[in-house]
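1. dropping the sequence and predicted coords here.
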Amino acid sequence: MSTVSTPHLAVATPERVALSLPVAGIGYRCLAWLVDATLLFFFWVVAYFLFTLLVSDVLGVFQGLSGLGQTLLVVGVFATQWLYWTVGEVFFHGQTLGKKALRIRVVRLDGSPVGVYESAVRNLCRAVDFLPGLYATGCISMLLTPQHRRLGDLLAGTVLVRDERIDLDKYTAAAPGDAGPGAGAATGRMLAPDEVELVLAFLTRAPGLQPDARRRMGARLVEKVGGLADEEKAAVLASPEATEAYLRARVRAGR
Amino acid sequence: MAAPLPTFVAQHRANWDALEALLARQREGTLTLQELRTLDSLYRRAASDLAHAQTFYPDTDAHRFLNQLCARAYGAIYQPPRERWAHVRAFFRRDFPRTLRRELRYVGASGALFILGLLVGALVVLWEPRGAELLVPSGVRQYVAQGRMWTDDILSVAPPDTVSSGIATNNLTVTILTFALGLFYGLGTMFVLVNNGVQIGAITALCAREGMAGGLLDFIAAHGPVELSIIVIAGGAGLMVGQALVDPGELPRGQALALRGREAVKLVLGCAPFLACIGMVEGYVSPGDLFPTWAKAALGLSQGGLFWAYLLRAGRAEAEATEAPAVSAS
């Protein structure tokens, strides 16, 4: 359950509360880049095919284009590759489409959104991070820095953080078939937060477990959280449903 | 004594959900003033809940959830000022030239490195002709051996448009690399500057030896001054980055780097539109015989003069007249 070992970005807010945000590792970043690169690639493929549908002689049209138009086109193509990242990061809350898909975002080291200059720096440095090919330099830098930043991030003072999907319902949701909530559960000492987390994690996963693993783990948790007498324990352990109903009631005992 | 975790969540959940809903609306930009005030007070409440969770429920999902929620709200409330067109105009009228004047030492150093390369390349070839075999690309050497300009051939094989667009992207790549390679403690930038200088110097010397200096001048006169200036300015930006790495002063390296990087990129971004324009000049004016050499040279010199006059003069009078308010206005 614990994520203490993964790197975090610590932010001190003016409200004197320390935020700590999980940093996106190299895997998330690679996947996000793949999504972005694929999108850009397909954009140009589709654009090309649309163009060939409209015009039969592509090469002829391209050569017949006025010199100015052609230069603008090529510079435009080049700039699009660069603008795509910067516009995404500045105007869409630090996320290009790929980052959005992977639920990661670019922020400054103090946790605030990036501005034009930061985004420009980190994206101009893609050229160096890409050396000598396939982001080799960037990947080495990500592996060596504690917060998985590539050279562009170091220069711009930015970092990628992860948005986790966290379900709070598990704390308050009632069991599907909540049989006998008052099975003597309200007695006993109060549970520590990590014990609550442990029991809740078991309860969410229980329906998918192998029957005997489910029974064994349920029994161990009952052992851990409840100071029950022998005959009570026997009643609770009679079936997995009874065990889980007891654990659920135990977790919610303090209400 | 703290309440059990489920009770804590159940008590405050409504506030958190309300804050989340407001943040979603804030992204769409459809908040009323009243809702904005609610957002602010809800954020403060969530922040105090987070402090509570840090103490009593560390490393639980509730703690992680609050961290994330507060970070989103923090990002929404403490946003950087939105850059608009007025900002872009101010950037080119004041910010960019002023930054360049402030960092003129780095641009000067970059220019010195480039000229050093130029001299080395030229002297080597003038002094020992066989040095050209080492320093000048073989393709160019073949043309020169046949007494032709390689640039003539580019034009006869491909239409001027392709030449221009190829040159434009090539210039962009060189400029970006010159700046970004400063990340290798400035060594990458120095290498690009000296290397480009040596190549250009060697080619010039080779052409001079073969009596083709006029042809070369004809090709580079129109775009050379501005283009080389831009490479030198990008080199100055790269050296700024390298200097921040080598000697970060009293700041930690990371912070010094981020601080200088933001200044350095202003130089690169400021050059971008000029680079695009000069790419077109290089594509249409420079090759071919459409314009006589003296016209190209006049064009190139006047462009270079205007470019540097802009860099050294723009926004200066304004800055002196309104020294104090200029900071708050920008």
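-> That came through, no problem. Numbering: from 1, shown residues only, chains lettered A, B, ... in the order given.
2. just give the nearest non-adjacent residue to the residue in chain A that chain B sits nearest to, would you?
-> Going by C-beta to the nearest C-beta, chain B is nearest to residue A:157 of chain A, at 2.7 Å. (C-beta placed from N, C-alpha, C; glycine too.) Computed as C-beta to C-beta, 6 or more residues apart in numbering or on different chains, the closest residue to residue A:157 that is not its neighbour in sequence is residue B:258, at 2.7 Å.
3. same for the host helix or strand of the one you found, what does it pack against?
-> According to DSSP states H and E, residue B:258 maps onto helix B:253-284. Contact here means 3 or more C-beta pairs under 8 Å, 6 or more residues apart in numbering or on different chains; DSSP states H and E; on that basis helix B:253-284 packs against helix A:67-91, helix A:116-124, helix A:151-156, helix B:96-102, helix B:160-180, helix B:224-246, helix B:293-313.
4. give the contact list for the residue of chain A closest to chain B.
-> A:108-109, A:118, B:254-255, B:257-259, B:261-262 (C-beta atoms under 8 Å, 6 or more residues apart in numbering or on different chains).
5. my read: the residue nearest to residue A:157 touches residue A:109, true?
-> Yes. With contacts counted by C-beta atoms under 8 Å, residue B:258 reaches residue A:109, the gap being 7.2 Å.
6. which one's more surrounded, the two?
-> residue B:258 (22 against 19; other C-beta atoms under 10 Å in any protein chain shown).
7. how about residue B:108: what's its closest non-neighbour residue?
-> residue B:236 (7.7 Å).
8. not counting the host helix or strand of residue A:10 itself, show me its contacts.
-> Element membership for residue A:10, per DSSP H and E: strand A:8-12. If you take C-beta under 8 Å, 6+ apart as the criterion, strand A:8-12 is touched by A:18-23, A:107, A:109-111, A:147, A:159, A:161, B:71, B:74.
9. of those, buried ones?
-> The neighbour count (16 or more other C-beta atoms under 10 Å in any protein chain shown) marks A:19-23, A:107, A:109, A:111, A:147, A:159, A:161, B:71, B:74 as buried among those.
10. who's in contact with the residue in the stretch 201-330 of chain B positioned nearest to chain A?
-> Closest residue of the stretch 201-330 of chain B to chain A, C-beta to the nearest C-beta: residue B:258 (2.7 Å). By C-beta under 8 Å, 6+ apart, the residues touching residue B:258 are A:109, A:154-157.
11. ditto for residue B:54
-> Residue B:54 touches A:17-18, B:63, counting by C-beta under 8 Å, 6+ apart.
12. go again with 10 Å.
-> When contacts are counted by C-beta atoms under 10 Å, 6 or more residues apart in numbering or on different chains, residue B:54 touches A:17-20, B:63, B:66-67.
13. ok, back up a step: so how far is the helix holding residue B:258 from its chain's centroid?
-> 3 Å (C-alpha atoms, centre = their mean, to the nearest Å).
14. now that helix against helix B:224-246, angle please.
-> Using axes from the mean of the first three to the mean of the last three C-alpha atoms, to 10 degrees, the direction of helix B:253-284 lies 170 degrees away from that of helix B:224-246.
15. buried residues of helix B:253-284, list them for me.
-> Applying 16+ other C-beta under 10 Å to helix B:253-284 flags B:254, B:256-258, B:260-271, B:274-276, B:278-284 as buried.
16. thinking again about what came up before, test my guess that the residue nearest to residue B:108 contacts residue B:101.
-> No. Taking contacts as C-beta atoms under 10 Å, residue B:236 lies outside contact range of residue B:101: 11.6 Å.
17. so residue A:222: helix, strand or coil?
-> helix (DSSP: H, G, I helix; E, B strand; the rest coil).
18. what's the separation between it and residue A:242?
-> 10 Å (C-beta to C-beta, to the nearest Å).
19. more crowded one of these two?
-> residue A:222 (21 against 17).
20. give the contact list for that one.
-> Per C-beta under 10 Å, 6+ apart, neighbours of residue A:222: A:199, A:228, A:232-233, A:236-237, A:242-244, A:246-247, A:250.
21. what residues are shared contacts of residue A:222 and residue A:242?
-> By C-beta under 10 Å, 6+ apart, the residues touching both residue A:222 and residue A:242 are residue A:236.
22. helices and strands of chain B: which one bottoms out on pLDDT?
-> Ranked by mean pLDDT, DSSP states H and E, the weakest helix or strand in chain B is helix B:323-329, scoring a mean of 42.
23. related to what we said a few turns ago, list residues touching both of residue B:258 and residue A:109?
-> A:118, A:153, A:156-158.
24. low-confidence ranges, the stretch 101-250 of chain A, go.
-> A:173-189, A:227 (pLDDT under 70).
25. if you could redo that for the stretch 1-150 of chain B, that was the one I meant.
-> For the stretch 1-150 of chain B (pLDDT under 70), the answer is B:1-2, B:83, B:147-150.
26. which residues of it fall in strands?
-> Counting by DSSP state E, counting those that start in this stretch, the stretch 1-150 of chain B has no strands to list.
27. quick one: the helices in it?
-> Along the stretch 1-150 of chain B, counting by DSSP state H, counting those that start in this stretch, helices occupy B:5-28, B:33-56, B:61-77, B:85-90, B:96-102, B:104-127, B:131-135, B:138-145, B:150-157.
28. so which of those helices is the most surrounded?
-> With neighbours defined as mean count of other C-beta atoms under 10 Å in any protein chain shown, the helices of the stretch 1-150 of chain B peak in mean count at helix B:61-77, which reaches a mean of 22.
29. in the stretch 1-150 of chain B, what residue is nearest chain A?
-> For the stretch 1-150 of chain B, C-beta to the nearest C-beta, closest residue to chain A: residue B:4, 3.2 Å.
30. neighbours of that residue, just the number please.
-> Residues near residue B:4, counting by other C-beta under 10 Å: 22.
31. pretty sure it is in contact with residue A:197, am I right?
-> No. Residue B:4 is beyond contact range of residue A:197, at 11.9 Å (criterion: C-beta under 10 Å).
32. common neighbours of those two, please.
-> Common neighbours of residue B:4 and residue A:197, using C-beta under 10 Å, 6+ apart, are A:171, A:191, A:251, B:57.
33. where does the first one land in three-state SS?
-> The reference is to residue A:171. Going by three-state DSSP: residue A:171 is helix.
34. how close does it get to residue A:35?
-> 33 Å.
35. which one of those two has more residues nearby?
-> Looking at residue A:171 and residue A:35 with other C-beta under 10 Å, you find the greater number of neighbours at residue A:171, namely 23 against 17.
36. so that one touches residue B:3, yeah?
-> No. With contacts counted by C-beta under 10 Å, residue A:171 stays clear of residue B:3, the gap being 12.0 Å.
37. between these two, what contacts are shared?
-> B:9-10.
38. now for residue B:290, how many residues are close by?
-> 11.
39. you'd agree it is in a helix?
-> No. Counting by three-state DSSP, residue B:290 is not part of a helix but coil.
40. can you tell me, leaving aside adjacent residues, what's nearest to it?
-> Nearest one to residue B:290, counting by C-beta to C-beta, 6+ apart, is residue B:284 at 8.0 Å.
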